[in-house]
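Colleague: My questions are about this predicted structure, shown below with the sequence.
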Amino acid sequence: MALEFTDSNFQTEVLTSDKLSVVDFWAEWCGPCRAIGPVIEDLSKDYAGKVNVGKVNVDHNPQLSINYGITSIPAILFIKDGQVVDKQVGAAPRSVLEKKIQSHL
């Protein structure tokens, strides 16, 4: 299951992790966010132990959205060694997300 990243655990779970983190910024009211939700869940299972895959609810964690300049959702950030190394704004097919993951492993 995808991890839940929050304002309080983001530092330890994502920024100081030695793994690539895939962070899906989403909200319950966002149709495209709900559409890619199952893709994010599948990626979290397929890359378990290799990649941190999780979600940030923008309504519950506004500080993270501000920190990363999130103005449109879904927005998926790829973070490695504390830095954003790639991003995908808007819903995308699984193949696009997997290609980005593979390029940073």
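Modeller: Structure received. Residues are numbered from 1 along each chain as shown.
Colleague: Do me a favour and get the end-to-end distance for stretch 7-14?
Modeller: The straight-line separation of the ends of stretch 7-14 (C-alpha to C-alpha, to the nearest Å) is 11 Å.
Colleague: Which residue ranges of the protein form strands?
Modeller: For the chain, strands defined by DSSP state E occupy the ranges 3-4, 20-26, 51-57, 75-80, 83-89.
Colleague: ok, the first one: who's next to it in the sheet?
Modeller: Take DSSP bridges as the rule and strand 3-4 pairs in its sheet with strand 51-57 (parallel).
Colleague: Pull the distance from the strand it pairs with to the chain's centre.
Modeller: Strand 51-57 sits 4 Å away from the centroid of its parent chain (C-alpha atoms, centre = their mean, to the nearest Å).
Colleague: report the angle between the axes of that strand and strand 75-80?
Modeller: 140 degrees (axes from the mean of the first three to the mean of the last three C-alpha atoms, to 10 degrees).
Colleague: contacts for strand 51-57?
Modeller: 2-6, 10, 13-14, 17, 19-28, 37, 40, 43-44, 47, 64-65, 101, 105 (C-beta atoms under 8 Å, 6 or more residues apart in numbering). For the C-beta atoms, the positions are set from N, CA and C on the backbone; glycine is no exception.
Colleague: Could you rerun that using 7 Å?
Modeller: 2-5, 13-14, 17, 19-27, 40, 43-44, 47, 64, 101 (C-beta atoms under 7 Å, 6 or more residues apart in numbering).
Colleague: Show me the residue sitting in the middle of this structure in space.
Modeller: Centroid-nearest residue in the chain: residue 23, 1.3 Å away (criterion: C-alpha atoms, centre = their mean).
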